[in-house]
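Asker: requesting a structural model of the entry that follows:
(2 chains)
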Protein chains: 2
Amino acid sequence: MQSLSKNKIKWIRSLQQKKFREEYGLFIVEGEKMVQEAIDFFGHSIEFLCVTKSSKINVPTSSFEIALATEEELKSISSLKNPNNSLVVLKIPAKKTIDTNFRIALDGIQDPGNMGTILRLADWFNVKEIICSKETVDIYNPKVVQASMGAIFRINVVYCDLVEYLSKTKEPIYGALLEGENIYKKTIAPHGILVLGNEGNGISQKVIDHIKEPITIPRFGQAESLNVSVATGILLSEFFRGK
Amino acid sequence: MQSLSKNKIKWIRSLQQKKFREEYGLFIVEGEKMVQEAIDFFGHSIEFLCVTKSSKINVPTSSFEIALATEEELKSISSLKNPNNSLVVLKIPAKKTIDTNFRIALDGIQDPGNMGTILRLADWFNVKEIICSKETVDIYNPKVVQASMGAIFRINVVYCDLVEYLSKTKEPIYGALLEGENIYKKTIAPHGILVLGNEGNGISQKVIDHIKEPITIPRFGQAESLNVSVATGILLSEFFRGK
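Answerer: Below you'll find the model as predicted:
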């Protein structure tokens, strides 16, 4: 196995920036479990694998380049505080839209941890597609990838002009708003689009104009708001609990 | 207004460590909104206030010490990436237990963001007390305080030997486990104790032994697990939705 060249270090580091991820069409996945998942299910999309001596990654074929790094080298290319023992560079999948009767739409989510948690929630409740406004954090941001716990491999994410998208759909459009119908009293079927807004500002007015079904999680105490990924979880649970 | 002395800088920085928070009985709150809330409702507990020129904090009485800091100085004492314009040092409230018929119990939650989000959830659903095992992250950790969005002022948090606590209570004990009763099919009243476990390892075996009512959020897709704060949100929603 070859060692990690200086050029490769520079190349991998560049992929921490959206600009270079888009230019090269590549993103990074770290950590033994997710790297193994990438190799097992997306072997054909792998561009490069980097491991340390302690890695127990199982590589069935050697159809991609593999380098051995020291722990210091891995630390220097990792976006994690405590890098594990493996890192893989993967091709960003081609854009597609899929046929499904329930979608989440995100209007300007900024926090990578929230985005990763929402991907994981979608994966739990079997929501196959997430539509994002262009201002929403990039799903190939390393912190999103890690927080998704592998969900990134299974959920189709589309970035588009969200206002245009919503104006064209015939599906029911639900929106999580502070002044909406009580979700516990409303009959909701797992069918349509559920819109969630930015952490600080909520859903933008242009998007609100397209929401036909404003819904609210009733508040029993004093907190001013809920974290957006927690609200997504509670709403998905309400959508699917009757299934 | 006096400027910020070197001794004060050292003293405030020391409060980022649990050891010194416990020694002095003090903790830090940052950001204009939470600082204002602290002053308005806990003025008597305030030890020290630090503001920059841009702060619009309203201080009704000057019964505590106030210092004016430069933005650089505030940055040097802040635990936030982008410090706002104010920071306050508050007395840790005296320990107490309160009378309530529903509690959350946390067995070894480690992530400050999760802990803060769970406090905020408790505040939303009007859960007045959280019982924590001694291994659970300190609620006065600056990241917990900030993620709680003010909930820390309203929720009573008790650290104790959780196994002993559960062995003595006569309340029903619910636990979020992967193999439990389907929460959507179970009749659950907002009465008792809901136990949540550590991010990686779940609830410890000694605590599981005291759980009378194992409950589970059904999985519709492929994700292996849910984030613990999201799971807390979904479960609290199920407990309180019928109220």
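Asker: neighbouring strands of the helix or strand of chain A with the lowest mean pLDDT in the sheet, and parallel or not?
Answerer: Across the helices and strands of chain A, mean pLDDT, DSSP states H and E gives its lowest value to strand A:2-3, namely a mean of 88. Note on strand A:2-3: by DSSP bridges, its sheet partners are strand A:65-68 (parallel).
Asker: the nearest residue to A:P142 once chain neighbours are set aside: neighbour count?
Answerer: Distance criterion Cβ to Cβ, 6 or more residues apart in numbering or on different chains; nearest residue to A:P142, sequence neighbours excluded, is A:S79 at 3.8 Å. C-beta: built from backbone N, CA, C; applies to glycine. A:S79 has 17 neighbours, counted by other Cβ atoms under 10 Å in any protein chain shown.
Asker: cool, and A:K19?
Answerer: 9.
Asker: what do you get for A:L106?
Answerer: 26.
Asker: ok, now A:S204?
Answerer: A:S204 has 16 nearby residues by other Cβ under 10 Å.
Asker: with A:K95 instead?
Answerer: So A:K95, with other Cβ under 10 Å, has 10 neighbours.
Asker: in chain A, where is pLDDT below threshold?
Answerer: Within chain A, the segments meeting pLDDT under 70 span A:61-62.
Asker: all strands for it, in order.
Answerer: A:2-3, A:26-30, A:46-51, A:65-68, A:86-91, A:102-107, A:129-133, A:156-160, A:173-182, A:192-197, A:213-216 (DSSP state E).
Asker: tell me which parts of chain A are close to chain B?
Answerer: A:113, A:117, A:120-127, A:149-151, A:154, A:184, A:217, A:219-227, A:229-234, A:237-238, A:240-243 (Cβ under 8 Å from any Cβ of the partner chain).
Asker: which members of the residues you listed occur in helices, if any?
Answerer: Secondary structure assignment by DSSP state H places A:113, A:117, A:120-125, A:229-234, A:237-238, A:240 of the residues of chain A next to chain B in helices.
Asker: of the residues you listed, grab the buried ones for ChimeraX.
Answerer: A single ChimeraX command selects the buried members of those (16 or more other Cβ atoms under 10 Å in any protein chain shown):
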select /A:113,117,120,121,122,123,124,125,229,230,231,232,233,234,237,238,240
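Asker: what's the neighbour count on the nearest residue to A:E181 once chain neighbours are set aside?
Answerer: Take A:E181 and drop its neighbours on the chain: the residue closest to it by Cβ to Cβ, 6+ apart is A:I215, 5.4 Å away. By other Cβ under 10 Å, the residues close to A:I215 number 20.
Asker: list the residues that contact A:I215.
Answerer: A:174-177, A:180-183, A:186, A:188, A:235 (Cβ atoms under 8 Å, 6 or more residues apart in numbering or on different chains).
Asker: what of A:T52?
Answerer: Taking Cβ under 8 Å, 6+ apart as the test, what A:T52 contacts is A:68-71, A:74, A:85-86.
Asker: no more questions from me, cheers.
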